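Q: Mind folding the following:
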Amino acid sequence: MDNTISLEDSYMLAEWQKSEVGKSDNSAYYNSLLRIFTQLFSNWYN
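A: Predicted structure coming up:
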């Protein structure tokens, strides 16, 4: 099963997570971005 997500979906997910977490804690937001870009790069190189 292919669990890849589009860049637009990734952005929407990151924005949603940012709003859920709130401005007091951005670590989860950046961790989600890091995970997204890691997935995108691995998809491109595989």
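Q: Isn't Leu7 up against Gln39?
A: No: between Leu7 and Gln39 there is no contact under Cβ atoms under 8 Å: 10.6 Å. Where you see a C-beta, it was placed from the backbone N, CA and C, and this is true even at glycine.
Q: Look at the two and report which has more neighbours.
A: Neighbours were counted for Leu7 and for Gln39 using other Cβ atoms under 10 Å; Gln39 has more, 14 against 10.
Q: State which helix of the protein is the longest.
A: Taking DSSP state H as the criterion, the chain has its longest helix at helix 27-45.
Q: Quick check: buried residues in it?
A: Tyr29, Ser32, Leu33, Ile36 (16 or more other Cβ atoms under 10 Å).
Q: Just list the residues touching the third one, thanks.
A: Contacts here follow Cβ atoms under 8 Å, 6 or more residues apart in numbering; on that basis Leu33 touches Ala14.
Q: With distance to Asn43 and pLDDT added, can I get the buried residues of helix 27-45 in JSON lines?
A: Formatted as JSON lines, those follow (distance: Cβ to Cβ, whole Å; pLDDT from 0 to 100):
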{"residue": "Tyr29", "distance to Asn43": "21", "pLDDT": "74"}
{"residue": "Ser32", "distance to Asn43": "16", "pLDDT": "83"}
{"residue": "Leu33", "distance to Asn43": "16", "pLDDT": "84"}
{"residue": "Ile36", "distance to Asn43": "11", "pLDDT": "86"}
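Q: If anything else comes up later, I'll come back, but that's it for now.
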